[in-house]
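J.: no sequence on this one, just coordinates:
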């Protein structure tokens, strides 16, 4: 880490990204407002969780900022394969569940981690979980991510896209959570990319999020749907729960290591359901969606 | 294992217990019927899953029987700290989600495991998850379990009751899943209890289940409730999901080791919801329930 960029500067920028995102989402929703919940961490630091309920378009949304520090717990050192005394971690984390099954669920996270011995890294990602896969929307989403990645390194998009396919994957269903996105972790400065450039990249991902989601909200929220689509949405929300509770490394680690439960589970949906061995009829939109929840689909090429 | 009692006899008895339970539940429900789903396991064996949807009292219920065998997977040997070539496992597993928030969710499982080197054990348990804790119902439930346990060994009930408190526990909420019950695993014959007696005990647990649940259905299904209780029920179902996906060792192992997903997740509820940081009003029935989802409550003594 160079001397100009400090963890305080990063945390402050993340806090501003949270504010910006909440303002943009409130504007796009037109009715819902984010309620603020400040919390302190006994061992050091704290956070500000902002939650929206029953907006026009957003049924349940959470945008969380945190900056925590203190002695590194044993479990953390073991999981991260690190040695050291104190840690610092800051991040912004978002999950939005819309009312309409025609609007996708979205998730975004950016984070910075630092140990007292000087080790540090950035991580993050954005992924999109449509209840119904729409190739043009997936292509728009991936094009936006690719443009942002390409400003920094030609390998970022292909690497982080494949990483997202692997990460957001329900092994017990052989399904991806959605149409993927980008995922990256442990990004450190290299001869070709300074820490300042990495920070710029992570900030751009943060600021890209509301642009993407406003577009997808606007494009899809007025589309008609019926009870059938609502029922399917509830089942897809069930899958979202399965991913988060069974496979998401961050959630598992948080719940197992005495993290703040309400912040970790802010991502849980309203009204999820499970049906025994549900099989959508062949040729249906639901079957089409299942067929496209697979790793390795090049969404940008698909729609060219 | 003595020569008279074979794994085939145990599996056949378990299959009969499944039949008996489904008949009893259909009678008690008065409308719902169990749909049968036979399945085969590629590596050996299979099962019969019976599922009820939208009965009079039961909203979603599954009663699963399976008897599987084959080469023991690496993960199984590691988890069970066993060596050996082939395994055999048979069991009956049940979860019932009622329509009414005034009727508790119930779970029962009995199982038998055997390795080709002769190692074997029984396991199982019953636990009750009321949406609203009712001390008399909890006392009835525990008295029934205690009576059955006491017929076999004076230490069974206290040991298995404490085991259930520890097992059905959501660490990240500091909540038990419900009012507990009994849980036992790796029961083997001892000088004081033959394998035949152990099998008798496990059978009694299986046959006790419908008696208990018919009583609790009958007693509570006609009680009035409103939208407030329904909303609470959906949140409690969310907790049920959290336990099963985050903490239940059987579920985790099954999903991670290529088990049959639909059978494993048969336990998932219909219509579960999550609200950010929900706190029931002090003095409410909901607050009372949360205060009583704790380890170590002696329900039998409580209501004397």
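T.: Noted; the coordinates are in hand. These numbers come from a predicted model, not from an experiment.
J.: only C-alpha atoms from now on, for both contacts and neighbour counts.
T.: Fine.
J.: what residues does the stretch 51-200 of chain A have near chain B?
T.: For the stretch 51-200 of chain A, the contact set with chain B under C-alpha under 8 Å from any C-alpha of the partner chain comprises A:51, A:171-173.
J.: please enumerate the strands of the stretch 101-250 of chain A.
T.: Using DSSP state E, counting those that start in this stretch, the strands assigned to the stretch 101-250 of chain A run over residues A:105-115, A:120-129, A:169-170, A:175-176, A:181-187.
J.: need the ones you listed in TSV with mean neighbour count and mean pLDDT, can you?
T.: Formatted as TSV, the strands of the stretch 101-250 of chain A follow (neighbours: other C-alpha atoms under 10 Å in any protein chain shown; pLDDT from 0 to 100):
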stretch	mean neighbour count	mean pLDDT
strand A:105-115	22	97
strand A:120-129	23	97
strand A:169-170	20	97
strand A:175-176	22	98
strand A:181-187	20	97
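J.: follow-up on the earlier one: among the residues of the stretch 51-200 of chain A next to chain B, who's most crowded?
T.: Neighbour counts for those, by other C-alpha atoms under 10 Å in any protein chain shown, peak at residue A:51, which reaches 22 neighbours.
J.: thinking that one is in contact with residue A:34, fair?
T.: Yes. Look at residue A:51 against residue A:34 with C-alpha atoms under 8 Å: they come within range, at 5.0 Å.
J.: name the element the residue in the stretch 1-150 of chain A that chain B sits nearest to belongs to?
T.: Nearest residue of the stretch 1-150 of chain A to chain B: residue A:51, at 7.6 Å (C-alpha to the nearest C-alpha). In this assignment (DSSP states H and E), residue A:51 forms part of strand A:45-53.
J.: show the average pLDDT along whichever helix or strand comes after that strand.
T.: Next along the chain after strand A:45-53, taking DSSP H and E as the criterion, comes strand A:58-71. Averaging pLDDT along strand A:58-71 yields 96.
J.: turn the strands of the stretch 101-250 of chain A into CSV, columns for distance to residue B:27.
T.: Below are the strands of the stretch 101-250 of chain A laid out as CSV (distance: least, C-alpha to C-alpha, whole Å):
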stretch, distance to residue B:27
strand A:105-115, 42
strand A:120-129, 42
strand A:169-170, 38
strand A:175-176, 39
strand A:181-187, 51
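J.: who wins for proximity to residue B:63 among those strands?
T.: Nearest to residue B:63 among the strands of the stretch 101-250 of chain A is strand A:169-170 (25.0 Å), distances taken as C-alpha to C-alpha.
J.: can you list the strands that that closest one pairs with?
T.: strand A:175-176 (antiparallel) (DSSP bridges).
J.: would you map the helices across the stretch 101-250 of chain A?
T.: A:135-150, A:156-167, A:195-220, A:227-242, A:249-256 (DSSP state H, counting those that start in this stretch).
J.: these: lowest mean pLDDT?
T.: Lowest mean pLDDT within the helices of the stretch 101-250 of chain A: helix A:249-256, at a mean of 85.
J.: need the contact partners of that helix.
T.: Contacts to helix A:249-256, defined as C-alpha atoms under 8 Å, 6 or more residues apart in numbering or on different chains, come from residues A:244-246, A:260-261, A:264-265, B:171-172, B:246.
J.: show me what contacts residue A:95?
T.: A:61-63, A:105-108, A:266-267.
J.: equivalent analysis for residue A:274, please.
T.: Residue A:274 neighbours (C-alpha under 8 Å, 6+ apart): A:234-235, A:238, B:268-271.
J.: let's see it at 7 Å
T.: A:235, A:238, B:268-270 (C-alpha atoms under 7 Å, 6 or more residues apart in numbering or on different chains).
J.: try residue A:40
T.: By C-alpha under 7 Å, 6+ apart, the neighbours of residue A:40 are A:46-47.
J.: please name the bridge partners of it.
T.: Going by DSSP bridges, residue A:40 forms beta bridges with residue A:46.
J.: mind pulling up the pLDDT for it?
T.: Reading off the model, residue A:40 has pLDDT 95.
J.: distance to residue B:178 and mean neighbour count added to the helices of the stretch 101-250 of chain A, as TSV?
T.: Below are these laid out as TSV (distance: least, C-alpha to C-alpha, whole Å; neighbours: other C-alpha atoms under 10 Å in any protein chain shown):
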stretch	distance to residue B:178	mean neighbour count
helix A:135-150	42	19
helix A:156-167	33	20
helix A:195-220	40	18
helix A:227-242	21	20
helix A:249-256	19	16
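J.: adding distance to residue A:294, write those helices out as a markdown table.
T.: Shown next, in a markdown table, are the helices of the stretch 101-250 of chain A (distance: least, C-alpha to C-alpha, whole Å):
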| stretch | distance to residue A:294 |
| --- | --- |
| helix A:135-150 | 13 |
| helix A:156-167 | 8 |
| helix A:195-220 | 21 |
| helix A:227-242 | 14 |
| helix A:249-256 | 20 |
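J.: please identify which of these is closest to residue B:30.
T.: Of all the helices of the stretch 101-250 of chain A, helix A:227-242 sits nearest to residue B:30, with 26.3 Å by C-alpha to C-alpha.
J.: how much does that closest one deviate in direction from strand A:120-129?
T.: In terms of direction (axes from the mean of the first three to the mean of the last three C-alpha atoms, to 10 degrees), helix A:227-242 departs from strand A:120-129 by 160 degrees.
J.: what helices or strands is helix A:227-242 leaning on?
T.: Contacting helix A:227-242 under the criterion 3 or more C-alpha pairs under 7 Å, 6 or more residues apart in numbering or on different chains; DSSP states H and E is no other helix or strand.
J.: what does that helix rub up against?
T.: A:101, A:131, A:177, A:268-269, A:271-274.
J.: and which of the contacts of residue A:95 is nearest to residue A:118?
T.: So of those, ranked by how close each gets to residue A:118 (C-alpha to C-alpha), first place is residue A:108, at 26.5 Å.
J.: what's the distance between that closest one and residue A:63?
T.: Applying C-alpha to C-alpha, to the nearest Å, the value for residue A:108 to residue A:63 is 9 Å.
J.: and if you look at residue A:205?
T.: From residue A:205 over to residue A:63 (counting by C-alpha to C-alpha), the distance is 15 Å.
J.: for the residue of the stretch 1-150 of chain A closest to chain B, which non-adjacent residue is closest in space?
T.: Using C-alpha to C-alpha, 6 or more residues apart in numbering or on different chains and skipping the chain neighbours, the partner closest in space to residue A:51 is residue A:62 (4.4 Å).
J.: count of residues packed around the one you found?
T.: Neighbour count for residue A:62, taken as other C-alpha under 10 Å: 25.
J.: residue A:54 is in contact with that one, correct?
T.: No. The criterion here is C-alpha atoms under 7 Å, and residue A:62 misses it with residue A:54 at 12.0 Å.
J.: kind regards, and thank you for your time.
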